[in-house]
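J.: coords please:
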Amino acid sequence: MNNKKLAIPVFSIIAFLAAIGLYFLSLYNFLLYHLIVEFLAMSIGIFVFVIAINTINITSNVFILLIGTTFFTSAILDFLHTITFKGMNILPIGGTNIASQLWISARFVQAVGLLAGAFIINLIVTKRCKIFIASGFSAYFILSVLFILILRIFPTTFIEGQGLTSFKKIMEYIIIFILLLSIIFYSLNREKLGKKGYYYVIASIAFFIISEFLFTLYHDDYGIYNTIGHLLKIGSYIFFYMLLIRTNLIEPLTLLAGNLRSANEKLQDIASHDSLTGLLNHNGVFKEMHKQFEVAKRFKKDFSIIMFDIDDFKKINDIKGHPVGNEALKFIAKIINQSVRSLDIKGRYGGDEFIISPIEAGEEEALRIAQKIQNNLEEKPLPAKCYFERFTVSMGISIKKNDRAFNEIINIADKALLQSKTLGKNRITLL
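T.: Presented below is the predicted three-dimensional model:
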C-alpha cells in the first residue's frame with residue numbers, strides 16, 4: 001500500500017477519534033467545547049482566505065477568490081457569534097438570541113457564496129472582480145453588525161424558555177435550499193472542478209446541509225443537536241480547505257515542477273543534439289559512447305565504433321551551395337536512423353563526419369551496419385525537389401580488443417576512415 005492510500009484511513013481514524021474526544025468534552029464543559037470548535041472552524045476559514053489571497057496570482061481564478069472571501073467573512077461573523085454565546089459573558093449581551101442571529105448571518109453568506117461560486121468556476125479574476133467581491137462582502141459584514149449588534153433590528157431567532165423562532169427555522173431551511181441548489185449546479189459543472197475537486201465540494205456542502213438541519217432541532221444551547229451540528233461544521237470547512245490546498249498549492253506546484261522538468265529536458269536535449277540533423281552532437285555522442293564503453297568493459301561485452309563522412313562533400317557546398325549541403329546532411333541522418341536501432345548511439349562528429357556505436361556490436365555486426373548504410377544510400381529514393389546528386393561515404397571501423405582505451409578506439413576509427421579515403425573512397429576499412 002502506497003503512502004497516499006494509507007493516508008486516507010489514517011486521517012479518517014484521527015478525525016473520528018478527535019470528534020469523539022470533542023463530544024465528551026462537550027459533556028464535561030460545553031463552553032470550552034464550543035470555544036475550541038469555533039476556533040478550529042474560524043482558523044480553517046481564515047486559512048482558506050489566506051491561501052486564496054496569496055495564490056491568486058498563480059490561479060487567477062475568481063472562484064477561489066470568492067470562496068476564500070466567503071469563508072473569511074463567515075469566520076469573522078463566527079468570532080462575534082462565539083464571544084456573544086450564552087455563558088461567555090465577554091460582552092454585555094445576555095441570552096442566546098444575538099449569538100443565534102450572528103450564526104444565521106454567517107451561514108447565509110456562506111451558502112450564497114457557495115452557490116455563486118458554482119457559476120464562476122473557471123472565470124479569470126480581474127481588478128473589477130476584486131473590488132466587487134471585497135466591497136460586497138465588506139458591506140454585508142457591516143450591515144450584519146449594524147442590524148444585529150447596534151440597532152438590534154434583526155428578526156428574533158431564539159426566545160429564552162421557548163426555543164427557536166419560526167424565522168430562525170425558516171432561515172435554516174432557506175440556507176439548506178440554497179445549498180441543495182449549489183449541489184445541482186456544481187454537479188452540472190463537475191468537469192470544471194475535476195474529479196477530486198468535485199468530491200471535495202459535494203462532501204463539504206453535504207456536511208453543511210446536515211449541520212444546518214440539526215440547528216433547526218435544538219431547544220437547548222448546550223444540547224446534543226448543537227454539539228453534533230458544530231462538529232459537522234468543522235467537517236464542512238475541512239473539505240473546502242482540502243480543495244483549496246489541492247487547487248492552489250499542490251496542483252500549481254506539481255504543474256510548475258512538471259514544467260521545470262520539461263524545460264530542463266528540452267535544454268538538455270538542445271545541449272546534446274545537433275540542431276540540423278537531430279542526431280547527438282559532438283559532446284553528446286562522445287558522452288554516451290564513453291558510458292557504453294565503460295559498460296562493455298565492465299561486463300566484457302563487445303564495443304565498436306563506425307566513423308564515416310561524405311565523399312567529396314566540399315564539392316556539394318562549393319557547386320550547389322551550403323543550403324544544398326545541409327539538405328544532404330539531413331538525408332544521411334535519415335539514412336542512419338533507418339539503418340540502425342533506436343537504442344544505438346549515433347551522432348554528428350562535426351562537419352560532414354558522423355559516428356555510430358551500435359550497442360554490444362562486435363566486428364561482424366559493425367561491418368553489417370556499415371554495409372547497410374552504404375546500401376541504403378544507393379537504394380533509398382532521394383528527397384522530393386532534391387538539388388544534390390546521390391553521393392557515397394567512406395567508413396572506418398574500430399573495435400574493443402587488446403585492452404584498447406576509449407580514446408584509442410576513437411583514434412583508430414579515425415585512422416581507418418582516413419585509410420578508406422586514401423584507398424579511393426566509398427569503402428569500409430576495419431582496423
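J.: give me the element Gly325 is part of.
T.: helix 322-339 (DSSP states H and E).
J.: Return the set of buried residues in that helix.
T.: Across helix 322-339, burial judged by 16 or more other Cβ atoms under 10 Å covers 325, 327-329, 331-333, 335-336, 339. C-beta coordinates here come from the backbone N, C-alpha and C atoms, glycine included.
J.: in the next helix or strand after it, what counts as buried?
T.: Remark: after helix 322-339, the chain's next helix or strand is strand 345-350, criterion DSSP H and E. Neighbour-count burial for strand 345-350, with 16+ other Cβ under 10 Å as criterion, is recorded at 345-349.
J.: and Ile67, what does it touch?
T.: 48, 52, 113-114, 117, 240, 244 (Cβ atoms under 8 Å, 6 or more residues apart in numbering).
J.: Need the residues you listed in TSV (columns: neighbour count).
T.: Formatted as TSV, these follow (neighbours: other Cβ atoms under 10 Å):
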residue	neighbour count
Val48	25
Ala52	24
Gly113	23
Leu114	26
Gly117	21
Phe240	25
Leu244	24
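J.: Flag whichever of those scores worst on pLDDT.
T.: When those are compared by pLDDT, Leu244 scores lowest at 74.
J.: would you list every one of the helices in the stretch 251-400 of the chain?
T.: Assigned by DSSP state H, counting those that start in this stretch, the helices in the stretch 251-400 of the chain fall at 251-272, 282-299, 313-315, 322-339, 363-379.
J.: Export these as TSV, with columns for distance to Phe177.
T.: Converted to TSV, the helices of the stretch 251-400 of the chain look like this (distance: least, Cβ to Cβ, whole Å):
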stretch	distance to Phe177
helix 251-272	32
helix 282-299	66
helix 313-315	81
helix 322-339	66
helix 363-379	75
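J.: Ranked by average pLDDT, which of those falls at the bottom?
T.: Among the helices of the stretch 251-400 of the chain, helix 251-272 carries the lowest mean pLDDT (a mean of 62).
J.: Packing partners of the helix or strand Ile104 falls within?
T.: Per DSSP H and E, Ile104 falls inside helix 97-117. Packing partners of helix 97-117 (3 or more Cβ pairs under 8 Å, 6 or more residues apart in numbering; DSSP states H and E): helix 62-83, helix 127-145, strand 158-159, helix 166-188, helix 195-214.
J.: Just want the angle from it to helix 166-188.
T.: Helix 97-117 runs at 20 degrees relative to helix 166-188, counting by axes from the mean of the first three to the mean of the last three Cα atoms, to 10 degrees.
J.: residue ranges with poor pLDDT in the stretch 51-200 of the chain?
T.: Residues of the stretch 51-200 of the chain meeting the criterion pLDDT under 70: 58-59, 94.
J.: still on that earlier bit, just how off-centre is the helix holding Ile104 within its chain?
T.: 33 Å (Cα atoms, centre = their mean, to the nearest Å).
J.: Could you dump the helices and strands packed on helix 97-117 into JSON lines and include distance to Leu280?
T.: Output for those, formatted as JSON lines (distance: least, Cβ to Cβ, whole Å):
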{"stretch": "helix 62-83", "distance to Leu280": "45"}
{"stretch": "helix 127-145", "distance to Leu280": "50"}
{"stretch": "strand 158-159", "distance to Leu280": "79"}
{"stretch": "helix 166-188", "distance to Leu280": "52"}
{"stretch": "helix 195-214", "distance to Leu280": "42"}
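J.: looking at these, which is closest to Ile20?
T.: helix 195-214 (17.0 Å; Cβ to Cβ).
J.: which helices and strands does the closest one pack with?
T.: Judged by 3+ Cβ pairs under 8 Å, 6+ apart, helix 195-214 is in contact with helix 97-117, helix 166-188, helix 224-245.
J.: Burial-wise, tell me which of those helices comes out on top.
T.: A comparison of those by mean neighbour count, using mean count of other Cβ atoms under 10 Å, puts helix 97-117 on top with a mean of 23.
J.: can you give me the angle that helix makes with helix 62-83?
T.: 170 degrees.
J.: relative orientation of helix 97-117 and helix 195-214 in degrees?
T.: 150 degrees.
J.: Mind listing residues that contact stretch 208-218?
T.: For stretch 208-218, contacts defined as Cβ under 8 Å, 6+ apart pick out 103, 107, 110-111, 114, 163-164, 168-169, 172-173, 175-176, 179-180, 224-226, 228-230, 232-233, 236.
J.: where's it relative to the chain centroid, distance-wise?
T.: Computed by Cα atoms, centre = their mean, the chain-centroid distance of stretch 208-218 equals 37 Å.
J.: Output that stretch as PDB, nothing but the C-alphas.
T.: Taking Å, rounded to 0.1, in the frame of the first residue of the first chain, the C-alpha atoms of stretch 208-218 are listed here in PDB:
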ATOM      1  CA  PHE A 208     -23.000  21.800   5.800                       C
ATOM      2  CA  ILE A 209     -26.600  20.700   5.000                       C
ATOM      3  CA  ILE A 210     -26.800  18.100   7.800                       C
ATOM      4  CA  SER A 211     -25.300  20.600  10.200                       C
ATOM      5  CA  GLU A 212     -27.900  23.200   9.300                       C
ATOM      6  CA  PHE A 213     -30.700  20.700   9.600                       C
ATOM      7  CA  LEU A 214     -29.600  19.800  13.200                       C
ATOM      8  CA  PHE A 215     -29.700  23.500  14.100                       C
ATOM      9  CA  THR A 216     -33.400  23.500  13.300                       C
ATOM     10  CA  LEU A 217     -34.000  20.900  16.000                       C
ATOM     11  CA  TYR A 218     -32.300  22.100  19.200                       C
END
